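[1] need a structure here:
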Amino acid sequence: MTLTTIPLIPLHILILMPVVAGAVGFALPRRAYQLLMLLVNVVLVALALRLFVHVRWEGGIVQLLAGWPVVVAISLVADSFSAPLVLLTTLFVAGTFVFSTRAIYMDKIFIFLFMMLESSIIGIFLSGDIFNIYVLIELGMLIVAILIMYKREKQAVYDAMLYLMMNFIGMAFMLLGIGYIYRVTGVLDLAVMGQRLAELNDPRSVIVPYALIMTGVALKAALLPLFGWLPRAHGAASAPAIVSAVLSGIQVKVGVYLLIRMGLVFAPVVEARLFFLVLGYLTSIVGFLLAIAQKDIKLILAYHTVSQVGLILVGLNMGTEVAFWGGMYHIINHALFKGLLFLTAGIIIEDYGTRSYNEIRGVFRRMPVVGFATLAGVLGITGAPLFNGSISKYFIQAGLQGNLAEIGLYIINFGTILSFVKYSTILFGRPSVEGKPVRDPYVAGVSLLFGLAILAGGIFGGPTVALVYGPQYAARGALSAEKLITFVVTLALGILAYKFIVQRIGNVLLSVRVFKFSFNQVTVFMTAFFVILLAYTYLTV
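    Got it, this is the predicted structure:
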């Protein structure tokens, strides 16, 4: 990709606008402040779209802040990896902002924190400086913790503090790695760092900082066995629906993005694709197994975020172009269907007064729009033909054809379908609560838009990948009779497995459900992950 150093749109504007506008307008009345922030989000979407168009058809952009030379300046980079994610972030945040227009928790402090979180995520995607990335991750961590405990419930405060402590340890690994790699290369700019790593005489001199940095990044991506923080954060009992949606739809992609970005930086000296491929499979399988054991609908969704991140990792590390771009497309698809599922789950929980799937029935009858939106999310995540997940999974599978690893995909798909057969029971039957539900046109409108986007991403999957990333792959096979039959058979097997196995092993599921990773266990896992990755890179470099 051609890179230009004269930005069409100053990249720092995209990062600073939400925070500056939020601070300047904070003195306004709540309603006026909310409208101002909505306008800011609309402007951000327009700027991000213009940036994406420029990057996609004219080349990437590098901006050196304050005019300093590249080795000294903090650099901002918009390229084919970051620009689509910036656009996705602005669209997603704008949608969730409208979704919660009438929410009680949308006071001025919450709105300002939410906008700061958007700034930190955009900043990470655009930053070309590794220390700047570290600082923005720490900032985002603090904001997320505050948003999780915003309603000040005891369990939420406990979960948020554990989330903070686990992530602080992970970021300590990353900071040590940054200091070490700076000592070796003398730079913090990722592009220059990659060039200097390629010139090293002894590649093994960087395996320690590589393992340290990737341990911190793997924690942010919620890879096995470092995902213990994710269910506490994404499935926090009192966390507002849009917080859970943004965390699962967008914020966890920061870790995935950094796995890609840091992998490219260290590619001249370290090859760990097989390591992360195997880890992706294990993460995905463990994620759906833990999801099946849950009764709490938010925890079912949270553990399936772990599983879907594992699937994305499989695509990114398979070593074929079609699988790689399938993994990239699944990042976008997962943001849409998992974000929608968390949004609708929040509305369902609020209306029914419970989080247990056993106590929720008849969503279709009671809240038809929310029910159909939830169904669209379920069809998307299970890879049903015509829905977006079917396209990205098809591309990932196309990169595995003739490989034994393809069997693992069938296992992952079956586990996903089984989990959402269980989840979908909330949609059917007679409503388990009385009274009329609250009608909110903003909730209904945004839910339908997300659902339509999931459908459009399936019907026009091939052209969408070509539009967003460039490579053109035929996606007709994802809509073939063979794929439809495969999905129907897998769905039937999932229904049978749920009825005759899952519903009859309650004691086993209970023992899994009550287990939670402690802080001490996660720190031990981080150390073990670092040691294993260090040993792997030492043996393969």
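
[2] list the contacts of residue 525.
    By Cβ atoms under 8 Å, 6 or more residues apart in numbering, the contact list for residue 525 reads 225, 226, 228, 517. Backbone N, C-alpha and C define where each C-beta goes, glycine included.

[3] one more time with 7 Å, if that's ok
    Contact partners of residue 525, counting by Cβ atoms under 7 Å, 6 or more residues apart in numbering, are 225, 226.

[4] wait, a helix at it?
    Yes: counting by DSSP: H, G, I helix; E, B strand; the rest coil, residue 525 is part of a helix.

[5] any low-confidence regions in the protein?
    Along the chain, segments meeting pLDDT under 70 span 1-8, 237-238, 402.

[6] 50 instead?
    Along the chain, segments meeting pLDDT under 50 span 1.

[7] can you show me the strands along the chain?
    Along the chain, the stretches classed as strands by DSSP state E are 3-4, 60-64, 75-78.

[8] run the chain-centre distance for stretch 390-410.
    On the basis of Cα atoms, centre = their mean, to the nearest Å, stretch 390-410 sits 21 Å off its chain's mean C-alpha point.

[9] which residues are contacting it?
    Against stretch 390-410 from outside (Cβ under 7 Å, 6+ apart): 281, 314-315, 318, 320, 322-323, 325-327, 329-330, 333, 383-384, 413, 457-458, 461, 473, 475, 477-478.

[10] just the buried residues of these.
    Among those, those buried by neighbour count (16 or more other Cβ atoms under 10 Å) are 281, 314-315, 318, 320, 322-323, 325-327, 329-330, 333, 383-384, 413, 457-458, 461, 473, 475, 478.

[11] who's in contact with the residue of the chain most remote from its centre?
    Computed with Cα atoms, centre = their mean, the residue of the chain farthest from its C-alpha average is residue 201, at 37.1 Å. With Cβ under 7 Å, 6+ apart as the criterion, no residue contacts residue 201.

[12] repeat for residue 262
    Counting by Cβ under 7 Å, 6+ apart, residue 262 touches 213, 214, 217.

[13] got the phi and psi for the closest residue to residue 528 other than its chain neighbours?
    Leaving aside its sequence neighbours, residue 528 sits nearest to residue 225 (Cβ to Cβ, 6 or more residues apart in numbering; 7.6 Å). Here is the backbone geometry of residue 225 (degrees, to the nearest 10): phi -100, psi 30.

[14] with residue 318 instead?
    Here is the backbone geometry of residue 318 (degrees, to the nearest 10): phi -70, psi -30.

[15] tell me the phi and psi of residue 240?
    Main-chain torsions, residue 240, degrees, to the nearest 10: phi -60, psi 150.

[16] now swap in residue 518 and tell me
    For residue 518, the backbone dihedrals (degrees, to the nearest 10) come out as phi -90, psi 170.

[17] can you tell me how far the residue lying closest to it once chain neighbours are set aside sits from residue 247?
    Excluding its sequence neighbours, the residue lying closest to residue 518 (Cβ to Cβ, 6+ apart) is residue 228, at 8.0 Å. For residue 228, the distance to residue 247 equals 15 Å [Cβ to Cβ, to the nearest Å].

[18] and if you look at residue 445?
    Using Cβ to Cβ, residue 445 is found at 23 Å from residue 247.

[19] who has more neighbours out of the two?
    A direct count of neighbours by other Cβ atoms under 10 Å for residue 445 and residue 247 places residue 247 higher, at 26 against 15.

[20] residues contacting the more buried one?
    Under the criterion of Cβ under 7 Å, 6+ apart, the contact partners of residue 247 comprise 144, 233, 234.

[21] so what's the first one up against?
    Okay, so that is residue 144. Contacts for residue 144 (Cβ under 7 Å, 6+ apart) come out as 117, 233, 247, 251.

[22] ok, it to residue 288 distance?
    Distance, residue 144 to residue 288, by Cβ to Cβ: 24 Å.

[23] for the closest residue to residue 354 other than its chain neighbours, give its distance to residue 425.
    Once flanking residues are discounted, residue 354 sits nearest to residue 360: 6.4 Å by Cβ to Cβ, 6+ apart. Using Cβ to Cβ, residue 360 is found at 8 Å from residue 425.

[24] the two: which has the busier surroundings?
    Taking other Cβ under 10 Å, residue 360 and residue 425 do not tie; residue 360 has more neighbours (24 against 15).

[25] my read: that one touches residue 427, true?
    No: contact criterion Cβ atoms under 7 Å: residue 360 and residue 427 do not qualify, at 9.0 Å.

[26] which ones are touching the residue nearest to residue 354?
    348, 352, 354, 426, 432.

[27] in helices only, show me these.
    348, 352 (DSSP state H).

[28] and which of the contacts of residue 360 is nearest residue 521?
    Nearest to residue 521, judged by Cβ to Cβ, of the contacts of residue 360 is residue 354 at 29.4 Å.

[29] for the closest one, give its distance to residue 426.
    When residue 354 is compared with residue 426 (using Cβ to Cβ), they lie 10 Å apart.

[30] how near is residue 460 to residue 466?
    Per Cβ to Cβ, residue 460 is found 10 Å from residue 466.

[31] same check, this time on residue 424
    According to Cβ to Cβ, residue 424 stands 32 Å off from residue 466.

[32] what about the two, which has more around it?
    Each of residue 424 and residue 466 has its neighbours counted (other Cβ under 10 Å); residue 424 has more, 19 against 15.

[33] so what's the residue count around the residue nearest to the more buried one when sequence neighbours are not counted?
    Spatially, and ignoring its direct neighbours in sequence, residue 424 is nearest to residue 378 (5.6 Å; Cβ to Cβ, 6+ apart). Neighbour count of residue 378, defined by other Cβ under 10 Å: 24.

[34] these two touch, right, residue 378 and residue 420?
    Yes: using Cβ under 7 Å, residue 378 is in contact with residue 420, at 4.9 Å.

[35] still on that earlier bit, mind listing which of the contacts of stretch 390-410 are in helices?
    281, 314-315, 322-323, 325-327, 329-330, 333, 413, 457-458, 461.

[36] nearest to residue 92, of these?
    Nearest to residue 92 among these: residue 333, at 12.4 Å, using Cβ to Cβ.

[37] how about the contacts made by the closest one?
    380, 388, 389, 392, 457.

[38] need the max-distance pair from those residues.
    Using Cβ to Cβ, the two most remote members of these are 380 and 392, lying 9.8 Å apart.

[39] what's the spacing between stretch 141-161 and its chain's center?
    Centroid separation for stretch 141-161 versus its chain: 19 Å, with Cα atoms, centre = their mean.

[40] report the buried residues of it.
    Quick answer for stretch 141-161 (16+ other Cβ under 10 Å): 141, 143-151, 156-157, 159-160.

[41] let's have those in a markdown table, adding distance to residue 46.
    As requested, the buried residues of stretch 141-161 are exported to a markdown table (distance: Cβ to Cβ, whole Å):
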| residue | distance to residue 46 |
| --- | --- |
| 141 | 29 |
| 143 | 24 |
| 144 | 27 |
| 145 | 31 |
| 146 | 29 |
| 147 | 26 |
| 148 | 31 |
| 149 | 34 |
| 150 | 29 |
| 151 | 33 |
| 156 | 35 |
| 157 | 38 |
| 159 | 36 |
| 160 | 34 |
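
[42] and the furthest pair within those residues?
    Pairwise distances across the buried residues of stretch 141-161 peak at 19.2 Å for 141 and 151 (criterion: Cβ to Cβ).

[43] what segments of the stretch 401-541 of the chain are helices?
    Ranges of helices in the stretch 401-541 of the chain, per DSSP state H, counting those that start in this stretch, are 405-423, 441-459, 461-468, 481-500, 506-513, 519-540.

[44] may I have the third one as PDB, with CA atoms only?
    Coordinates of the C-alpha atoms in helix 461-468 are reproduced here as PDB (Å, rounded to 0.1, in the frame of the first residue of the first chain):
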ATOM      1  CA  GLY A 461     -20.700 -10.800   1.500                       C
ATOM      2  CA  GLY A 462     -18.300 -11.200  -1.400                       C
ATOM      3  CA  PRO A 463     -18.700  -7.600  -2.700                       C
ATOM      4  CA  THR A 464     -18.400  -6.300   0.900                       C
ATOM      5  CA  VAL A 465     -15.000  -8.000   1.400                       C
ATOM      6  CA  ALA A 466     -13.900  -6.600  -2.000                       C
ATOM      7  CA  LEU A 467     -15.200  -3.100  -1.000                       C
ATOM      8  CA  VAL A 468     -13.600  -3.100   2.400                       C
END
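
[45] brilliant, that's me finished.
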